[in-house]
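Novice: What would the 3D arrangement of this be:
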Amino acid sequence: MGMLKRITDKWNDKRKVAADKRKVGDRLYPIDERWDMVLNYLLDNHEIVKADEHYVTFDNNTQVWIANRFHAFGYPFYPHKRNVLPSPATAIRLDNMIRTKREECLRQNIEEFKTPKRKETK
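Specialist: Model prediction:
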């Protein structure tokens with residue numbers, strides 16, 4: 001009975017980890033607390049000056065990858081490309097900020113923030 005309980009507990013632990021991963025989503029890279037703090041600092045203290053379908057550029061020339069939402073969304077792209085992600089809350093905050101900025105720029109007809117149109121296939 002003791003061995004069966006250990007096997008069952010181990011299996012339940014694996015199921016719990018899998019369930020936690022589903023809540024966050026299938027993310028390509030691990031979450032890094034330092035990058036999360038840096039990205040929050042950028043969101044609080046710097047302006048997004050350009051956004052395209054792949055990355056956003058802040059006024060200090062830092063670029064953050066925004067394609068593949070939320071699979072690889074939010075990893076540092078330039079000047080220090082590292083395979084880490086912010087927390088889900090920071091990624092959602094970045095996504096909301098980009099959407100708000102694009103909506104403002106659409107009203108003002110600013111090209112740098114227009115959502116790119118997909119190429120039509122013939």
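Novice: my read is residue 73 is in a strand, agree?
Specialist: No. Read with DSSP: H, G, I helix; E, B strand; the rest coil, residue 73 is coil and lies in no strand.
Novice: Hmm, it is touching residue 66, no?
Specialist: Yes. With contact defined as C-beta atoms under 8 Å, residue 73 reaches residue 66; the gap is 5.8 Å. In short, each C-beta sits where N, CA and C put it, glycine included.
Novice: Show the average pLDDT along stretch 40-60.
Specialist: Here stretch 40-60 scores 92 as its mean pLDDT.
Novice: And that stretch, what's buried?
Specialist: Buried residues in stretch 40-60, counted by 16 or more other C-beta atoms under 10 Å: 40, 42, 43, 48, 51, 55, 56, 57, 58.
Novice: related to what we said a few turns ago, what's the overlap in contacts for residue 73 and residue 66?
Specialist: Both residue 73 and residue 66 are contacted by 94, 95, under the criterion C-beta atoms under 8 Å, 6 or more residues apart in numbering.
Novice: Export stretch 84-95 to PDB, keeping only CA atoms.
Specialist: Presented in PDB, the C-alpha positions along stretch 84-95 are these (Å, rounded to 0.1, in the frame of the first residue of the first chain):
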ATOM      1  CA  VAL A  84      13.600  34.600 -20.800                       C
ATOM      2  CA  LEU A  85      10.000  36.000 -20.300                       C
ATOM      3  CA  PRO A  86       8.300  38.400 -18.000                       C
ATOM      4  CA  SER A  87       5.600  37.200 -15.600                       C
ATOM      5  CA  PRO A  88       2.100  36.700 -17.200                       C
ATOM      6  CA  ALA A  89       0.800  39.800 -15.400                       C
ATOM      7  CA  THR A  90       3.600  41.900 -17.000                       C
ATOM      8  CA  ALA A  91       3.100  40.400 -20.400                       C
ATOM      9  CA  ILE A  92      -0.600  41.200 -20.200                       C
ATOM     10  CA  ARG A  93       0.200  44.700 -19.100                       C
ATOM     11  CA  LEU A  94       2.600  45.200 -22.000                       C
ATOM     12  CA  ASP A  95      -0.100  43.800 -24.400                       C
END
